[in-house]
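> 3D model of this:
(one chain, ligands or ions: 1)
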Amino acid sequence: MSRPAAIRTRGLRRTYGERDAVAGVDLDVAPGEIFAFLGPNGAGKTTTVEILEGFRRRTAGEVEVLGVDPVDFGPAERARVGCVLQSGELGVRHSARELLALWATYFPDPHGVDEMLALVDLADHGDVRLERLSGGQRRRVEVALALIGRPDLVFLDEPTTGFDPEARRHAWDVIAGLRELGVTIFLTTHYLEEAEHLADRVAVIRDGAIVADGTLAEVAGGHRTRVRFGLPPDVGAGDLPSLRGLRVDGARVALDTDEPTAALARLCGWAAARGTELVDLRVDRPTLEDVYLELVAAPATPPPGDGPPP
Ligand SMILES: Nc1ncnc2c1ncn2[C@@H]1O[C@H](COP(=O)(O)OP(=O)(O)OP(=O)(O)O)[C@@H](O)[C@H]1O
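Model (predicted):
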């Protein structure tokens with residue numbers, strides 16, 4: 001029998017006044033996967049995450065987290081779900097060791113405090129008051145707090161904001177290590193490189209609606225290859241060979257194709273026959289960032305009734 005989804009939502013909606021902050025979201029997160037939830041500021045990520053964590057009520061839709069509606073979460077479910085909140089308010093006069101020791105008492109089978117301090121690379125700072133730690137170090141304490149209860153599912157909301165590049169790499173290793181332990185991770189991040197490095201699957205939310213969802217390869221254009229070159233000076237757009245998907249934007253030509261060998265053979269054959277150069281020819285895959293920027297920059301479909309008055 002297949003394991004039930006770690007997270008499943010259908011038609012999830014949250015309205016503030018007249019406005020849908022989350023407008024009918026379907027999500028499926030499988031146990032043990034790292035799922036990255038991406039979207040621009042104000043897209044509806046925090047609202048969705050807080051509903052999944054049981055901290056915010058939904059207006060409509062179905063939600064199951066570890067098989068339970070978060071509205072009905074009790075201590076047993078809470079112990080299975082770890083959260084790193086975006087603006088964690090920790091007791092700054094306490095040390096990481098004190099906070100972790102206190103937090104551990106809430107869980108039936110917590111990790112050891114020293115183990116957690118080592119995991120987030122704070123073994124040497126465990127007894128320092130939080131007010132004397134840097135922003136990135138405090139964030140690491142928050143990550144350790146989310147993990148100490150040995151959760152099955154962890155929500156990491158922008159876990160590496162404020163980290164220097166080395167600390168971020170270390171955090172990625174920690175997060176990837178959690179996957180090895182079978183922990184499901186729901187990651188919210190503005191760093192697309194972070195999602196690309198860590199995630200098994202991603203979803204992009206924009207204006208409360210999911211605009212892309214799938215594995216990294218699926219969202220980043222499947223197996224499409226992007227061919228780009230500069231239009232040679234003596235060539236007009238109409239002179240180019242007719243290839244499906246060929247786009248000319250000013251002096252740049254681009255083509256996304258599933259058959260790069262055939263497309264390149266046509267283009268190179270055409271250029272060689274004319275004795276011209278495909279200037280600055282590049283052949284690569286669109287990165288997650290390329291695709292994300294296209295998804296969030298595309299003109300929005302205005303909601304019904306939002307147009308100008310007749
Ligand atoms: N308590 C609230 N009352 C009214 N509107 C709200 C409330 N919380 C959020 N919103 C609105 O809902 C929309 C989605 O907000 P949300 O915080 O979920 O976005 P986000 O994707 O997490 O953004 P960010 O990346 O900036 O954290 C925004 O337009 C926001 O202004």
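
> just the element for the residue nearest the centre of the chain, please.
Central residue of the chain (CA atoms, centre = their mean): Ala36, 2.9 Å from the mean position. Assigned by DSSP states H and E, Ala36 belongs to strand 34-38.

> which secondary structure elements does that strand contact?
For strand 34-38, the elements it packs on are helix 45-53, helix 165-180, strand 184-188, helix 192-198, strand 201-206, judged by 3 or more CB pairs under 8 Å, 6 or more residues apart in numbering; DSSP states H and E. Where you see a C-beta, it was placed from the backbone N, CA and C, and this is true even at glycine.

> returning to what we had before: show me what contacts the residue nearest to the centre of the chain?
187-189, 194-195, 198-199, 201-203 (CB atoms under 8 Å, 6 or more residues apart in numbering).

> again, but for Glu53
65, 70, 81, 83, 155.

> what's the lowest-pLDDT member of those?
Lowest pLDDT of these: Cys83, 82.

> that residue: neighbour count?
Cys83 has 22 neighbours, counted by other CB atoms under 10 Å.

> each with direction, which strands does the strand holding Ala36 pair with?
When pairing is defined by DSSP bridges, strand 34-38 lines up against strand 184-188 (parallel), strand 201-206 (parallel).

> how about the strands in this protein?
Counting by DSSP state E, the chain has strands at residues 7-16, 19-29, 34-38, 60-65, 81-84, 153-157, 184-188, 201-206, 209-215, 225-230, 247-249, 252-257, 279-284.

> most packed of the ones you listed?
strand 34-38 (a mean of 26; mean count of other CB atoms under 10 Å).

> I'd like the mean pLDDT over that strand, please.
97.

> what angle do that strand and strand 209-215 make?
Strand 34-38 runs at 150 degrees relative to strand 209-215, counting by axes from the mean of the first three to the mean of the last three CA atoms, to 10 degrees.

> just the CA trace of strand 34-38, in CSV.
Only the C-alpha atoms of strand 34-38 are listed here, as CSV (Å, rounded to 0.1, in the frame of the first residue of the first chain):
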residue,chain,number,x,y,z
ILE,A,34,11.9,18.2,-0.1
PHE,A,35,9.2,20.4,-1.5
ALA,A,36,10.0,24.0,-2.3
PHE,A,37,7.2,26.5,-2.2
LEU,A,38,8.2,29.6,-4.3
